[in-house]
Structures are given as structure tokens and as C-alpha cells.
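Participant: A structural model of the following input is requested.
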Amino acid sequence: MDIIGPITEELAPGATDMDLSWMVSFWESFTDCTIALDEQHIITNVRRKTDSNFALSNITGEPFPDIAAEEDRAFVSANLEMLKAAQVPFIRFRSQSALGRYYRWTLIAFYKNGFYAGCHGVAVDVTEQTLNEITLNWQRALIEQGSDFISITDMRGQVLYTNPVAYQMLGYDPLSGDLPMTRIFTREHMNAIRKKGMKTVRNSGFWICQGEAVHLNGTLIPVEHTMFSIKNDKGEAFLIASVIRDISDFLEHERTLDEARKAAEVANIAKSEFLSNMSHEMRTPLNAIIGMTTIGKAEQTIDKKDYAFNKIDDASKHLLGVINDVLDMSKIEANRLELSDSDFNFEKAVKRVVDVVNFRADERNQRLHIDIDKKIPHMLNGDDQRLAQVIANILSNAVKFTPEEGDIYFDATLVSEVKRVCKIQISITDTGIGISDEQKTRLFQPFQQAESDTSRKYGGTGLGLVISKRIIELMGGEIWVESEPDKGSRFTFTTLLRRVSAKTKLSQAEEGTQTENGDVYKDFSEHTILLAEDIEINREIVLALLEPTKLVVECAKNGKEATRMFSEAPDKYEMIFMDLQMPEMDGYEATRYIRSLDVRNAKKIPIIAMTANVFKEDIEKCLEAGMNGHVGKPLDINDVLRHLSQYLSAP
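Facilitator: Numbers count the residues shown, from 1 in each chain. Next up is the predicted model:
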């Protein structure tokens, strides 16, 4: 049977007539198929062995390069062109088929009248051999170019091979010869290899441990050392491989994670204690408010009722202070605590704080000494409210932790002045319980106090100094403490404030108006304003607070009602106090609606937000909606009066 078919119609140059029958048995023994191509390299004939692995079918009439994998087609085409152009008798190459198997091709050219007319060829499936070669190649690349130190030894430990990475890891020149094994490991690790590693590998085939390698410069490198046996065809171990990995980064990562875990545990404990303290700090004034309210309702005399009201007032202010601390702390953790600048009288700002704290000091028979450097300018620009908050926090702590009849000293000094920027240093010294060095490390940490039982004994949230530190940093200063147990404490901080002209007009709040707390109520009897507030008790509070001004206040229960009342009488109202969170229509939408009305006064009427939303972004949102100002809740009557005085003229 003519299995191969005629190889040539014209023998290749130099060939002679011969009996080709021997090729049949040869092909049946060693090849998988024969193939014939015309001069355009189109497949004209394919014959397969019965048990052939040749995986291609229906390829007759196809270009020969197309039966190869896409990435090999250019390579196959180049070999065919070489066969055609170079007039060589045959060409041999290996390529991957489109179906994934590998074949070694032998193609023999034939000619007609001296011109190339095509070729015949045979294919041998070499997939397994090729894959083994590929595996060996990547294994070799992994050993030679990987990141691990790899060595091969005989069963006695004699080194037969060391990869280039080992030299690089340990700082040796690859041309310097074999690595000195007794010097590249610490004595402890070398002993572990000899006494335990080799023995374990011989018995069980595997051993792993951590130790230290020694760099040429003497640096110790933490490593993970894995040893395993390599077996021959009979299953006998005849070599030992070692893989040595630098685990410096891994151990550093582990240390970082461990430190983070410990820090998280400490933070969780601190926050748990903080929440416990916070519960106490909130419930205590609430208990006073609720209890004194019950007592006040039952009392018959004005004096006893006033006593209850005063206690309620004190507890309410304390509770407000706790809430403000929590809000400030949330802004600090979100990196959203910001300052606002205004011109203020430094001495008066200090005096206002001292007057409040001095009241508590008098109750404990403490002496408060004030010394303000005469060189400090009278008028400065900065955030006087935040500055007062810091001073109040530290002074309050001094009063809290100083025994009765103790002394507290307040000193303010001008350190320097450069281009009208004044660096002022404020020190607050007490003769109190003092602080140990270990306690100092926790003073300015969130949710922590010097001692865990401090809050139980003295009260407080543990947030005041944290907030103060952040405020001082925003003001360009720093804070520190000097103290010893039982010898008092000295808190010192600096701040940068800008000198301003003494002619600067002070705000009404700075000048001071007189109410029942020292401010004067002006007569606004000829004016009418609109109050949009959905909560009845809040409306009652505003009406009661403004009653001494004789101001006419008309109320709307939501934003929709407020817009209707204004639309019906736009000239009646001279000002609007607008709550933000109301049903049907909130304060933002109501303000935008009023500003959009085509009626007189709609664009100009002052609209002041009156809300518990007191963050800076809340104020900015109010202004963006078309409001003129902002009053926070709980209401400060002085702040309300300031806005009234700004927009309404007293007779």
C-alpha cells in the first residue's frame, strides 16, 4: 500500500532512483502522519497512522501555517519560505498545533522542471517531551533567577550546587568560589542543621526551621530554612535540597501587625473606659436636672425654687460642655476641626474665662493669681472662642486637682513678635496632686486620663486636653507639661495671634450687653419677626427669652407654613428665625423658596438659622441656601440679641 505516496515527481537534485518500500515500515514505527503541500503551501493530502495522536482533522485545502497555534504561525511560515527559497532538500522544526499538541515536522521539497512544486512531510508527536523541556526550563529559571537561596547537597551534606541568589543574598562574589557554609550561618543555626536537620531529612524526607544567616558584612539575616530529600527512580533518597528564604520583611510585617493589634486592644480598653466615664458624665447632670425639676415643682417658696433652678442651670451647662467635647472629638478624629478668626481684646477674653473658673475656685477656697504681660497687644486677631476653650480646660483641671486652700497661677507672656504675628506663651501652675512621668504619656491621648480611677474620683471625660492640644496645634503653637507627684503641675502652651489696630470696632458681644447675666435687653417693641420652629417647647423658650425685648414674634410650625405666612404679608416681617429640621418643608427648602419669590423684601429679609446643627459645614450650608447667619442650640441669648441688634434698629 502506498502510504506515503510519491514523494517526488522529479527527484531532488543529487537523488537517485531507489526502492522506497523500507520507508513504509519506518514511518509506521516512528511517525504519526504524512502530509503533502503544493507550491502555495496549501495542504493537498494527509494520511494518519491508525493509532496516531495527530489531533487535527479536516485540514485538507487549508494553508499549512493555519494548523499551527496563532503564536507559532509566523515561525512556521518563515520555515516554509526558507525551504522554498533556499532549495535545501528538507527542513525540520517543532511547533504547537492549534489544538495545543506539539509536533516535530520534517518537510522535503520536490521540484518540477527545476522549480519548487511543493513538499511532502512527516510529523512526530513530541508533546510529552516538549512539556518536560518546558517544565525543566521554568524550574531551572526558578532556581537560577528566583528570590530564594537554593543549594543541593549529597546525603552527607557535601555541597554540590548553589544558585546565584545565595551569593547575592549574602554579599559574596559568585566568582569567589564555593560559599563557606560554616560562616554563612550562625553557630546555633549550623548546629541545628547538623544535629537535627540532616537526621530528620534522612528519616522523614522533610525539615523546616527558622534561624539566621550571616551576611559578609556581619549583618544577621532572619531566614526560613526548608530541607527535603530528592529521590531517584527507585524511590531512594540520594540528594538533599535546601531552600533558604530571607524573612526580614515578613517578620517586620508581623511585628507591625502585632503592635497594631496591641494598640487596638489598648484603644478598645480606653474607649470602653471612656464610654463608661461618658455615661457617668451624662447621667450625673441629667439626674440633677430631673431631680431638681421634681424638687422645684414641689417647693412652695421662691427661694427654694430659685435654688432648684440654679442647680438645673449648672447641670445643664455641664451636660452641654460634655456634648461639646464629644462633638469636638468627633471633628478631630475626622480631621475637620477648624478655626475662625476675629478681632478681640486679649485681656477681656482671658478675664471672661477667669471669672467663670474663679467662681469654682472660690467655692474651694483656692487662690487664683493672674499675671498678664503688659507687652501683649490689647487687640489681637484669632479664634478667641477656641483660645478661651483651651484656657478654661486647663484652668478647670487645675481647680479640680488642687486641694482646698491651694494656689493656681495664670501667666501670659509675649515671647516674640515678627511682622505683627505675636507668639504668646500661657502657663497655668497649680499646687495640686501632680502627675507621674508614666501618666504624662497618656495625658494627650484620646479617651484616656492619667489614671483609670481619675474620672471616678474627680469626674471628667478625658477629652479636654486632647481637644486643647489639637486647637493649639491649629493655632501654630505647642503644649507641654511639667509635673511631679504631690508637687503640683505646670501646663504651658504657645499660640500665634496677629496684632491688629486698636481702633478696630469691637463686636457687641465683645463690648458686652447687659441681660440678667450682665446684658441689657433693648426695646424692639416696634418690630415683628417670624419664628419657624416645629417643636412647641422650643417655641416657648424663644418667646420667653425674647419677652423682655417686647419684640413681636409670630410662629410657624414648619417651613411650608412659614413660606405661606411670609408670602401673604411680605412687608410685615423684618426678620426670620428658621429651624432647619422641620416636617413637610425643612429650613433650607423654605429659605430657597422665599428667596425665589417675586415679592418685595423676599431677597433682602434677614433669615437666621436657629438649629442644633453647629458644625462649620452646617453653617456654610445655611449660607449657601440664602440665610444670613446662624444661631446654635441650646440658645445663647447673647447670640440671639446680637443678631437682633444687627438687623433691627431699636427706638
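
Participant: quick one: contacts for S340?
Facilitator: In this structure, S340 makes contact with 383, 385, 616, judged by C-beta atoms under 8 Å, 6 or more residues apart in numbering. The C-beta positions use only the backbone N, C-alpha and C, and glycine is treated the same way.

Participant: for Q158, state which of those is nearest.
Facilitator: Checking these against Q158 by C-beta to C-beta gives K616 as the nearest, at 75.1 Å.

Participant: that older thread, most neighbours among the contacts of S340, please name it.
Facilitator: Neighbour counts for these, by other C-beta atoms under 10 Å, peak at D383, which reaches 20 neighbours.

Participant: name the nearest residue to that one, ignoring sequence neighbours.
Facilitator: In this structure, D383 finds its nearest non-sequential neighbour in L339, 4.1 Å apart by C-beta to C-beta, 6 or more residues apart in numbering.

Participant: need the contacts of S340 in JSON lines (columns: pLDDT, secondary structure and distance to A609).
Facilitator: Listed next are the contacts of S340 as JSON lines, based on pLDDT from 0 to 100; DSSP: H, G, I helix; E, B strand; the rest coil; distance: C-beta to C-beta, whole Å:
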{"residue": "D383", "pLDDT": "89", "secondary structure": "coil", "distance to A609": "21"}
{"residue": "Q385", "pLDDT": "83", "secondary structure": "helix", "distance to A609": "18"}
{"residue": "K616", "pLDDT": "71", "secondary structure": "helix", "distance to A609": "13"}
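
Participant: closest to I269 among those?
Facilitator: Lowest distance from I269 to those (C-beta to C-beta) belongs to K616, with 32.3 Å.

Participant: quick check: the residue nearest to D383 is in a helix.
Facilitator: No. Applying DSSP: H, G, I helix; E, B strand; the rest coil, one finds L339 to be coil, outside a helix.

Participant: verify the stated contact: it with R386.
Facilitator: Yes. Counting by C-beta atoms under 8 Å, R386 is a contact partner of L339 at 5.9 Å.

Participant: need the overlap of contacts for these two.
Facilitator: Residues touching both L339 and R386 by C-beta under 8 Å, 6+ apart: 471, 474-475.

Participant: let me know the closest of the contacts of S340 to N113.
Facilitator: Out of the contacts of S340, the member with the shortest distance to N113 (by C-beta to C-beta) is K616, at 95.9 Å.

Participant: spatially, what comes nearest to the closest one if we skip its sequence neighbours?
Facilitator: Sequence neighbours aside, E338 is the residue nearest to K616 in space, at 5.4 Å (criterion: C-beta to C-beta, 6+ apart).

Participant: quick check: pLDDT value at that neighbour.
Facilitator: Confidence at E338, expressed as pLDDT, is 77.

Participant: and it, how far from S95?
Facilitator: Separation of E338 from S95 (C-beta to C-beta, to the nearest Å): 70 Å.

Participant: so between these two, which is more surrounded?
Facilitator: Between E338 and S95, S95 has the larger neighbour count (other C-beta under 10 Å), namely 19 against 12.

Participant: sec struct for that one, please.
Facilitator: Relying on three-state DSSP, one would call S95 strand.

Participant: just list whatever residues bridge to it.
Facilitator: Beta bridges link S95 to Y103 when assigned by DSSP bridges.

Participant: give me phi/psi at S416?
Facilitator: phi -160, psi 170 (degrees, to the nearest 10).

Participant: what about the nearest residue to it once chain neighbours are set aside, neighbour count?
Facilitator: Closest residue in space to S416, ignoring its immediate chain neighbours: K423 at 4.7 Å, by C-beta to C-beta, 6+ apart. Counted with other C-beta under 10 Å, residues neighbouring K423 total 16.

Participant: in which helix or strand would I find K423?
Facilitator: Element membership for K423, per DSSP states H and E: strand 421-430.

Participant: again with L496
Facilitator: Using DSSP H and E, L496 falls within strand 489-499.

Participant: buried residues in the helix or strand encompassing S151, which are they?
Facilitator: In the assignment (DSSP H and E), S151 maps to strand 149-154. Residues of strand 149-154 classed as buried: 149-153 (neighbour count, 16 or more other C-beta atoms under 10 Å).

Participant: ok, R364 - contacts?
Facilitator: The neighbours of R364, taking C-beta under 8 Å, 6+ apart as the test, are 399, 402, 404-406.

Participant: and what of F228?
Facilitator: The contact partners of F228, by C-beta under 8 Å, 6+ apart, come to 201, 205-207, 240-241.

Participant: could you give the bridge partners of it?
Facilitator: Counting by DSSP bridges, F228 forms beta bridges with F206, A241.

Participant: before we move on, back to that, of the buried residues of strand 149-154, closest to I108?
Facilitator: For these, the nearest to I108 is I152 (44.8 Å; C-beta to C-beta).

Participant: got the buried residues for stretch 218-237?
Facilitator: Residues 221-229 are the ones in stretch 218-237 that count as buried (16+ other C-beta under 10 Å).

Participant: okay, it in CSV with CA atoms only?
Facilitator: Output of stretch 218-237 as CSV, limited to C-alpha atoms (Å, rounded to 0.1, in the frame of the first residue of the first chain):
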residue,chain,number,x,y,z
GLY,A,218,28.4,40.7,59.6
THR,A,219,24.7,41.6,59.4
LEU,A,220,22.3,38.8,60.6
ILE,A,221,19.5,37.9,58.3
PRO,A,222,16.5,36.1,59.6
VAL,A,223,15.7,33.1,57.4
GLU,A,224,13.3,30.2,57.0
HIS,A,225,15.3,27.1,56.1
THR,A,226,13.5,24.2,54.4
MET,A,227,15.3,20.9,53.6
PHE,A,228,13.8,18.0,51.7
SER,A,229,15.2,14.8,50.1
ILE,A,230,15.4,14.2,46.3
LYS,A,231,14.7,10.6,45.3
ASN,A,232,15.9,8.5,42.3
ASP,A,233,13.8,6.3,40.1
LYS,A,234,14.0,3.5,42.7
GLY,A,235,12.5,5.8,45.4
GLU,A,236,15.8,6.1,47.2
ALA,A,237,16.9,9.5,48.6
